[in-house]
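Undergrad: Sequence plus predicted model, see below.
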Amino acid sequence: MLHRAKKMGGYKLDSLDGEMGRVKEFYFDDEHWTVRYLVADTGNWLSGRLVLISPYALVAAIEDEEHIAVDLTRQQIEEGPSISTDKPVSRQFEQDYMRYHGWTPYWGGPFAWGHYPYPYVGLGRSAMEAAPPEVENEQWDPHLRSTREVTGYPIRATDDEIGHVEDFIIDDVSWAIRYLIVDTRNWWPGKKVLVPTKWIERVSWRDSKVFVNLTRDAIKQAPEYTDDVVLNRDYESAFHDHHGQEGYWTAENAAAGSKR
């Protein structure tokens with residue numbers, strides 16, 4: 001299911017033995033456009049300490065109940081590696097974090113989650129702990145940025161600026177960021193539109209801009225996005241047909257089939 005990042009902010013997080021906090025924001029990488037960590041505000045439980053939770057431990061978000069189940073105990077969360085969320089997430093932290101939980105590093109293969117396009121959510125911790133260690137890709141050191149930080153970044157089309165990042169659409173199965181919600185109304189009397197992350201050329205962290213492989217006119221002609229839009233596969237298919245592009249699910253279904 002697809003969810004807006006801002007709407008998930010504040011969702012209750014339930015560990016295996018009780019509530020452990022609420023969603024604050026997300027850290028994602030700009031290589032695969034995938035959420036790597038959920039930032040949890042633990043409130044009174046850990047005196048307001050912020051902790052990172054990997055999607056390896058997340059069960060699907062339940063929109064109607066505004067909560068996400070976490071496949072960890074409170075003790076596992078409390079004793080895990082700590083981090084200051086006002087600093088970049090280092091690879092050393094990630095290595096310690098994955099080692100502590102017994103999980104296979106996501107950067108050890110060609111797909112968003114190592115050798116798979118999805119995290120090992122359905123296999124359970126025992127299967128993850130039994131998985132052979134991955135060969136680390138020392139050449140890939142992706143930027144991990146928060147959704148709050150990137151919100152407001154200007155969108156640069158191939159021929160000029162056209163809007164800014166309003167929100168993110170997250171898939172709660174793969175935890176990929178499927179779309180940016182782009183608000184164009186500051187640049188012209190426009191609207192909000194979706195821009196698939198597959199069409200993003202790059203992010204300039206120095207200039208705080210997102211560069212997309214679309215012209216201003218293509219963005220202007222895109223279907224309007226509103227809060228009333230139901231983001232199901234029929235809508236996504238019509239959206240991609242409008243742009244004459246294949247949906248992201250085509251390549252991912254093929255990749256998943258090759259792993260069977």
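TA: Structure received. No experiment lies behind these values; they were computed from the predicted model shown. Numbers count the residues shown, from 1 in each chain.
Undergrad: Every contact and neighbour count from this point should use C-alpha atoms.
TA: Fine.
Undergrad: Quick one: residues contacting Asn76.
TA: One correction, residue 76 is Gln, not Asn. Neighbouring residues of Gln76 by C-alpha atoms under 8 Å, 6 or more residues apart in numbering: there are none.
Undergrad: Tyr235 now?
TA: With C-alpha under 8 Å, 6+ apart, Tyr235 has no contacts at all.
Undergrad: can you check the one 3 residues further on too?
TA: Listed by C-alpha under 8 Å, 6+ apart, the contact set of Ala238 is empty.
Undergrad: Leu144 now?
TA: Listed by C-alpha under 8 Å, 6+ apart, the contact set of Leu144 reads Tyr27, Phe28, Asp29, Asp30, Arg36, Pro88, Val89.
Undergrad: quick one: pLDDT of the closest residue to Ser15 other than its chain neighbours?
TA: Distance criterion C-alpha to C-alpha, 6 or more residues apart in numbering; nearest residue to Ser15, sequence neighbours excluded, is Val70 at 4.7 Å. Looking at Val70, its pLDDT reads 95.
Undergrad: from what I can see Val70 touches Glu19, true?
TA: No. With contact defined as C-alpha atoms under 8 Å, Val70 does not reach Glu19; the gap is 9.4 Å.
Undergrad: Could you check which of the two has the larger neighbour count?
TA: Taking other C-alpha atoms under 10 Å, Val70 and Glu19 do not tie; Val70 has more neighbours (25 against 17).
Undergrad: residues contacting the more buried one?
TA: Shown in contact with Val70 (C-alpha under 8 Å, 6+ apart): Leu13, Asp14, Ser15, Leu16, Ala57, Leu58, Val59.
Undergrad: same question, Ser54
TA: By C-alpha under 8 Å, 6+ apart, the contact set of Ser54 is Arg36, Tyr37, Leu38.
Undergrad: Who are the contact partners of Ile181?
TA: Neighbouring residues of Ile181 by C-alpha under 8 Å, 6+ apart: Val165, Glu166, Asp167, Phe168, Ile169, Lys192, Val193, Leu194, Val195, Tyr225.
Undergrad: Might you report the residue contacts of Gln95?
TA: Pro105.
Undergrad: for it, helix, strand, or coil?
TA: helix (DSSP: H, G, I helix; E, B strand; the rest coil).
Undergrad: Now do the helices for this protein: every range, in order, please.
TA: Along the chain, counting by DSSP state H, helices occupy 5-8, 74-79, 91-101, 124-130, 147-150, 216-220, 233-243, 248-258.
Undergrad: Tell me how far the spatially most central residue of the chain lies from Glu63.
TA: Centroid-nearest residue in the chain: Val35, 2.7 Å away (criterion: C-alpha atoms, centre = their mean). Val35 is 18 Å from Glu63, where distance means C-alpha to C-alpha, to the nearest Å.
Undergrad: and if you look at Asp228?
TA: According to C-alpha to C-alpha, Asp228 stands 15 Å off from Glu63.
Undergrad: what's the answer for Phe28, then?
TA: For Phe28, the distance to Glu63 - C-alpha to C-alpha - is 21 Å.
Undergrad: Between these two, tell me which one has more neighbours.
TA: When Phe28 and Glu63 are compared for neighbours, Phe28 comes out ahead with 21 against 14, by other C-alpha under 10 Å.
Undergrad: which non-adjacent residue is nearest that one?
TA: Closest residue in space to Phe28, ignoring its immediate chain neighbours: Val35 at 4.1 Å, by C-alpha to C-alpha, 6+ apart.
Undergrad: quick one: which of the helices of the chain is nearest Pro117?
TA: Among the helices of the chain, helix 248-258 comes nearest to Pro117, with 6.7 Å by C-alpha to C-alpha.
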